[in-house]
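Peer 1: Can you look at this prediction? I've put the sequence above it.
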Amino acid sequence: METQDHSTATNLLPLFFLALVFVVAATAAAFAHDPGLSALDLRFEKNGSTAQLTFARQDVAVLVPLDLNGDGQITQAEFETARPQLESVARGALVISLDGQSLTPSRVSVALGESNAIHFNLNFSASNGGRLMLQTRLIARLARGHRQFLTIRNEAGAIVGQKMFDANNSSFESDLVAIGHERPQTFWQFLKLGIEHILTGFDHLAFLFALLLAGGSFREAAKIITSFTVAHSITLALATLNLANLSPGIVEPMIAVSIVYVGVENIFRPATKRRWLLTFAFGLIHGFGFASVLRELGIGAQSGGAIMPLLSFNLGVELGQIAIAASVLPLIWRFRQKQVFVVRYVPACSLLIALAGSYWLIERTLLR
């Protein structure tokens, strides 16, 4: 029976390797970056209502030609040149009606914000009504998979409604009186967002897989995952709360460097006993990458409102990582019982991961 199990594992080795080749080749170019997140903050006040849409500058560059430098920044002069086009895009960003009456923005403005963001500000004269209907119109023009987080606030600024939009679900309809008594689903929205981010963040996944590929005992694997978790949780919190910040022009290439390094280390120095120290150091860098997701949503700027999204998003990332590790580690441990896997397939898989990291490094530096 044991011989049959070893034979089955041996037969699965080529399939495992081919699957990795396919995944790396198919995703390295297309999914190196998150498909994008934006925020829509809608507030109803006594003298009218306001809507603010917050987009990353790279996403706005898809809508309006912007001359971004290597760090994804734009000068104030270039922003002023693009202002008329930006205001035109902002004016058509939303379709809103109250009790069946369409609202037309009385004033539209755009502004450069912090955290690599551009704000579209729309003011409406009407604020009274029972039935709200809203449609966000820019998602369909952005990268596939782009999401937008809607927050509805009352006159006091308290959150009374929330929803996550995507291209297939870009409208919202509700009774404004009723939603004031509903409990916002912030925790579950950001928990899901964290899980989705790690499952679609193929650069982070490549790094995690490279770490696990070296094998080691369950204790060593637990130390690696825990050190990565603790490290990126620290910088995720610091960056989201605006206590520390690194430019995406530094963070994204460094994430690519970490992938290349671990892939190469698997080939030339596959020992895992002290790898948790290396993982902690690189985890600090990856935390800034995770934080960019929440910062693009403006979470860090919401004093007092950042804690729940931060905790639930981070928990979602961890659940995603644990699910991946629980799926991959048993296979790796089983395959490593065969010498051919350790000698041939681990170096080959590690080389593929290093090549993917090299591609992302070039894309995020020389090709910007």
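Peer 2: Yep, it's here.
Peer 1: could you pull out the strands for the stretch 51-200 of the chain?
Peer 2: Assigned by DSSP state E, counting those that start in this stretch, the stretch 51-200 of the chain shows strands spanning 94-98, 101-103, 107-112, 117-124, 131-136, 147-153, 159-165, 171-175.
Peer 1: Any buried residues in the helix or strand encompassing residue 362, and which?
Peer 2: Using DSSP states H and E, residue 362 maps to helix 346-364. Residues of helix 346-364 classed as buried: 346-347, 349-350, 352-361, 363-364 (neighbour count, 16 or more other Cβ atoms under 10 Å). Using the backbone N, CA and C atoms, a C-beta is placed for each residue, glycine as well.
Peer 1: possible to save the strands of the stretch 51-200 of the chain as CSV with mean neighbour count and distance to residue 263?
Peer 2: Shown next, in CSV, are the strands of the stretch 51-200 of the chain (neighbours: other Cβ atoms under 10 Å; distance: least, Cβ to Cβ, whole Å):
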stretch, mean neighbour count, distance to residue 263
strand 94-98, 18, 45
strand 101-103, 14, 53
strand 107-112, 16, 38
strand 117-124, 20, 33
strand 131-136, 19, 40
strand 147-153, 22, 30
strand 159-165, 18, 34
strand 171-175, 14, 44
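Peer 1: now the ones you listed in a markdown table, with distance to residue 270?
Peer 2: Shown next, in a markdown table, are these (distance: least, Cβ to Cβ, whole Å):
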| stretch | distance to residue 270 |
| --- | --- |
| strand 94-98 | 54 |
| strand 101-103 | 62 |
| strand 107-112 | 47 |
| strand 117-124 | 42 |
| strand 131-136 | 49 |
| strand 147-153 | 39 |
| strand 159-165 | 41 |
| strand 171-175 | 52 |
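Peer 1: comparing those strands, which gets the lowest mean pLDDT score?
Peer 2: Comparing mean pLDDT across the strands of the stretch 51-200 of the chain, the weakest is strand 159-165, with a mean of 80.
Peer 1: Just checking: what are the partner strands of that strand?
Peer 2: strand 147-153 (antiparallel) (DSSP bridges).
Peer 1: ok, residues contacting the partner strand?
Peer 2: Outside of strand 147-153, the residues within contact range by Cβ atoms under 8 Å, 6 or more residues apart in numbering are 35-44, 53, 132, 134, 136, 139, 159-166, 170, 172, 179, 189, 193, 297.
Peer 1: swap in stretch 42-50?
Peer 2: With contacts defined as Cβ under 8 Å, 6+ apart, stretch 42-50 is touched by 51, 103, 106, 121-127, 134, 150-155, 157, 176.
Peer 1: buried residues in that stretch?
Peer 2: Neighbour-count burial for stretch 42-50, counted by 16+ other Cβ under 10 Å, picks out 42-44, 48-50.
Peer 1: Please identify which of these is nearest to residue 315.
Peer 2: Using Cβ to Cβ, residue 42 is the member of these that lies nearest residue 315, at 26.9 Å.
Peer 1: any idea which helix or strand carries the closest one?
Peer 2: Assigned by DSSP H and E, residue 42 belongs to strand 37-45.
Peer 1: Can you lay out the buried residues of stretch 42-50 as JSON lines showing pLDDT and distance to residue 85?
Peer 2: Putting the buried residues of stretch 42-50 into JSON lines (pLDDT from 0 to 100; distance: Cβ to Cβ, whole Å) gives the following:
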{"residue": "42", "pLDDT": "90", "distance to residue 85": "24"}
{"residue": "43", "pLDDT": "89", "distance to residue 85": "26"}
{"residue": "44", "pLDDT": "84", "distance to residue 85": "29"}
{"residue": "48", "pLDDT": "83", "distance to residue 85": "26"}
{"residue": "49", "pLDDT": "88", "distance to residue 85": "25"}
{"residue": "50", "pLDDT": "91", "distance to residue 85": "22"}
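Peer 1: Cool, thanks, signing off.
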